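[1] 3D, please:
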Amino acid sequence: MGIPTEGVGSVPRPDYLLKAMSEGDEAAFAEAADRAVAETLTEMEATGSPIITDGEQSKPSFATYPLAGIEDLSPDGVVIPFEDGHTRQLPRLTKGPFRYGAYTGQYVTQARAHTAMPLKQAVIAPSAISLIYPQDGIDGYSHEEFIADLVDECTKDIRSAFDAGAQCVQIDFTEGRLSCKLDPSRGLLKQFVALNNLVIDRFSDEERARIGVHTCPGGDQDSTHSADVDYAELIPDLFGMNAGRFYMQMASEPDRAKVLDIVARERRPDQTTFVGVINVIDETIETAEQVCDRVLEAAEHLGTERLGTTDDCGYSPFGDDTATARATAFAKIKARVDGTAMASERLGVN
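    From the prediction side, this is the model:
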């Protein structure tokens, strides 16, 4: 097997799918999405990836898929600014009870119809969805009631992915680093970790070993929202989440050695670190040799027993993000797979 390698999730949608998304014809979109899923899985297999994803082709975004079709939402929610000046805005919940509009099991089922390969599924963290509850509350629906519903719904989301045949489930937690920027005391981060653990702790030890957490400083339109936050502010609490896998942006980090040493100190014996070896916001395609060097660097600090590789982030976490060409994304994925295999051979990991 060698050192394990997994992608984070999204790859850019083909033009015909973007067109179908914008036109609002549900039947046409469903047909285009299924075609895009099939093509994505075929291209993913061609990279040699040992575990693949559908590239989140059918999702409007990695963060908002559970909100699809929900009527009790207003568009004027929390605004997330990126360093290049563009923003993303979450909706605001206006009424309870809160229920997901879509669960990721449906994406796994759709993908399974097109491949026999092991499948990975990404889900959004409850901490991210918690931001849709307004600060001034909702009459007749308390924050405590909302959190109880949210925990139930996120648990159901992860369970649906496992029940549909996902080998592992990744919780997207890009708001973790951002929370340190919003609240330097890390109080908000600690609240997020506690909330996420309410969900993770509902699963068995064996299931938690197959649940991972992804962290990065955001990656949208080749820009980030919190890369200026020192990883040292996040990592001690990050590993307080009771997941078995952690997918960490690292290739774009300016001082990887420092961060890797913190990871080595803070992670628990039952936690495996998938280190980012591909910089997704840089359009330059890495070579296998460059990836190999990054894996060897990580192994110097973390050893090889609980080491894996990944991409720093998804390539198109929002459906309208076309900053990276689809061909570029697959070339980068192949470089990760080949470079990880090269490092495994040099390190004698079988």
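
[2] Tell me which stretches of the stretch 201-350 of the chain form strands.
    Using DSSP state E, counting those that start in this stretch, the strands of the stretch 201-350 of the chain run over 211-215, 245-248, 272-278, 307-311.

[3] can I get those strands in CSV with distance to residue 323, mean pLDDT and mean neighbour count?
    Every residue, glycine included, has its C-beta placed from N, CA and C. Compiled in CSV, those are given as follows (distance: least, C-beta to C-beta, whole Å; pLDDT from 0 to 100; neighbours: other C-beta atoms under 10 Å):
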stretch, distance to residue 323, mean pLDDT, mean neighbour count
strand 211-215, 19, 98, 25
strand 245-248, 21, 98, 26
strand 272-278, 15, 98, 25
strand 307-311, 14, 98, 26
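
[4] Residue 55 is nearest to which of those?
    Closest of the strands of the stretch 201-350 of the chain to residue 55 is strand 307-311, at 11.9 Å (criterion: C-beta to C-beta).

[5] List of residues touching the closest one?
    Strand 307-311 has contacts (C-beta atoms under 8 Å, 6 or more residues apart in numbering) with 3-8, 214, 245, 247-248, 272-278, 280, 291, 295, 298-299, 332-333, 336, 339-340.

[6] try 6 Å this time
    3-8, 247, 272, 274-278, 280, 295, 340 (C-beta atoms under 6 Å, 6 or more residues apart in numbering).

[7] which pair in those spans the largest distance?
    272 and 280 (21.0 Å).

[8] And the host helix or strand of residue 36, what's buried?
    Residue 36 is part of helix 26-46 when elements are defined by DSSP states H and E. Residues 29, 32-41, 43-44 are the ones in helix 26-46 that count as buried (16 or more other C-beta atoms under 10 Å).

[9] swap in stretch 338-350?
    Buried positions in stretch 338-350, judged by neighbour count with 16+ other C-beta under 10 Å: 338, 339, 340, 341, 342, 343, 344, 347, 349.

[10] can you redo those as JSON lines with pLDDT and distance to residue 64?
    Below are these laid out as JSON lines (pLDDT from 0 to 100; distance: C-beta to C-beta, whole Å):
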{"residue": "338", "pLDDT": "98", "distance to residue 64": "34"}
{"residue": "339", "pLDDT": "98", "distance to residue 64": "33"}
{"residue": "340", "pLDDT": "98", "distance to residue 64": "31"}
{"residue": "341", "pLDDT": "98", "distance to residue 64": "35"}
{"residue": "342", "pLDDT": "98", "distance to residue 64": "38"}
{"residue": "343", "pLDDT": "98", "distance to residue 64": "36"}
{"residue": "344", "pLDDT": "98", "distance to residue 64": "37"}
{"residue": "347", "pLDDT": "97", "distance to residue 64": "40"}
{"residue": "349", "pLDDT": "96", "distance to residue 64": "38"}
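
[11] how about the helices of the stretch 101-250 of the chain, start to end?
    105-112, 126-129, 143-163, 175-182, 187-200, 205-208, 231-238 (DSSP state H, counting those that start in this stretch).

[12] what is the mean pLDDT for the fifth one?
    Just to be clear, that refers to helix 187-200. For helix 187-200, mean pLDDT is 98.

[13] Hmm, residue 313 is touching residue 219, no?
    Yes. Residue 313 is in contact with residue 219 according to C-beta atoms under 6 Å; the separation is 3.3 Å.

[14] Okay, residue 199 and residue 345: tell me how far apart.
    38 Å (C-beta to C-beta, to the nearest Å).
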